[in-house]
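**Student:** Give me the fold of what follows.
(one chain, ligands or ions: 2)
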Amino acid sequence: NHKAFIFDLDGVIVDTAKFHFLAWRKLANDLGFDFTEEQNEQLKGVSRVESLKKILKWGNKELSEEEFNRQMAIKNENYLSYVDEMDKSEILPGVPKVLDYLEEHDIPFALGSASKNARTILKKIDLYKRFDAIVDGTDVSKAKPDPEVFLIAAKKLNARPENCVVFEDSVAGIQAANIGEMTSIGIGDKKVLQEADHVFADFTEIEIDFIEKLLRNKEK
Ligand code: G6P
Ligand code: MG
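**Tutor:** Ligands and ions are numbered 1, 2, ... in the order given. Presented below is the predicted three-dimensional model:
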């Protein structure tokens, strides 16, 4: 009946959300159109396939299956060229303090990400071994806002969903946590993440007091 924490990766632990944006935008530009940062919010937390479908719709483009797959591969290669340069200095400020606290107090925590690159990134930033469980885009069949990724993580941590706290920067991820009956903590803009139970601009705004309060809460 213990508490457990689940962290999204992109935009929560590291700022790879900006690399996804750059890589998708290049793809769109190469196909002859553009999209805005506001539209990009709809891509956060969304799988690679679903993201490309949305982008093509915005640009009124249709691709053959072969070309669709080719474009996804190009995007990923471009994205990975940014990831290649990453090291642990890219861990966002305030994140280590929270992970240290959880470890010191034996609170289990997992990664819950839609990315198929999550394990690569965790290794690059030297956090791979610290998670009690890792659930990523290679482990799930349903994309956020489906709660599958978080429910699998909860199970791996032996925690009941209502005892789980989820940190997310995406609208789809906050919805997934809420549908899963978990406590949802938004990292980002309050106006964008208004469905979250709590929102912080970033982890430096999260005090240990707040973490302790979450741990005492019976339910959300
Ligand atoms: C995360 C990001 C999305 C990305 C998805 C799939 O959820 O927020 O922007 O599209 O993962 O990532 P991948 O690394 O597998 O392309
Ligand atoms: Mg994210």
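**Student:** And the lengthiest helix in the chain, how far out from the chain middle?
**Tutor:** Secondary structure of the chain per DSSP state H: the longest helix is helix 65-83. How far helix 65-83 lies from its chain's middle: 19 Å, per Cα atoms, centre = their mean, to the nearest Å.
**Student:** buried sites along that helix?
**Tutor:** By neighbour count, with 16 or more other Cβ atoms under 10 Å as the criterion, the buried positions of helix 65-83 are 71-72, 75, 79, 83. All C-beta spots, glycine's among them, are computed from the backbone N, C-alpha and C.
**Student:** Mind checking the pLDDT average for it?
**Tutor:** Taken as a whole, helix 65-83 carries a mean pLDDT of 98.
**Student:** Name the surrounding residues that touch it.
**Tutor:** Helix 65-83 is contacted by residues 16, 19-20, 22-24, 26-27, 31, 48-49, 52, 56, 63, 117, 120-121, 124 when judged by Cβ atoms under 8 Å, 6 or more residues apart in numbering.
**Student:** restrict those residues to those near ligand 1?
**Tutor:** Applying Cβ under 6 Å from any ligand atom, the subset of the contacts of helix 65-83 adjacent to ligand 1 comprises 20, 48, 117.
**Student:** Would you mind checking which of those residues is nearest to K88?
**Tutor:** Nearest to K88 among the ones next to ligand 1 among the contacts of helix 65-83, counting by Cβ to Cβ, is N117 at 16.6 Å.
**Student:** Quick check: the closest residue to that closest one other than its chain neighbours vs ligand 1, distance?
**Tutor:** Nearest in space to N117, with sequence neighbours left out and distances taken as Cβ to Cβ, 6 or more residues apart in numbering, is V83 at 6.4 Å. For V83, the distance to ligand 1 under the criterion Cβ to the nearest ligand atom, to the nearest Å works out to 9 Å.
**Student:** A73 too?
**Tutor:** As for A73, its distance to ligand 1 is 11 Å (criterion: Cβ to the nearest ligand atom).
**Student:** in the protein, which segments are predicted with low confidence?
**Tutor:** In the predicted model of the chain, residues 218-220 satisfy pLDDT under 70.
**Student:** Pull up the residues of it that are close to ligand 2.
**Tutor:** Contact residues (Cβ under 5 Å from the ion) of the chain with ligand 2: 8, 10-11, 169-170.
**Student:** Now with 6 Å, please.
**Tutor:** The interface of the chain toward ligand 2, taken as Cβ under 6 Å from the ion, is made up of 8, 10-12, 17, 44-45, 169-170, 173.
**Student:** Do you have the strands of the protein handy? List them.
**Tutor:** Here the chain has its strands, by DSSP state E, at 4-7, 109-112, 133-135, 164-168, 183-187, 198-200.
**Student:** okay if I get those as JSON lines plus distance to ligand 1 and mean neighbour count?
**Tutor:** Supplementary listing: the strands of the chain in JSON lines, determined by distance: least, Cβ to the nearest ligand atom, whole Å; neighbours: other Cβ atoms under 10 Å:
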{"stretch": "strand 4-7", "distance to ligand 1": "12", "mean neighbour count": "27"}
{"stretch": "strand 109-112", "distance to ligand 1": "10", "mean neighbour count": "28"}
{"stretch": "strand 133-135", "distance to ligand 1": "12", "mean neighbour count": "21"}
{"stretch": "strand 164-168", "distance to ligand 1": "9", "mean neighbour count": "28"}
{"stretch": "strand 183-187", "distance to ligand 1": "12", "mean neighbour count": "26"}
{"stretch": "strand 198-200", "distance to ligand 1": "17", "mean neighbour count": "19"}
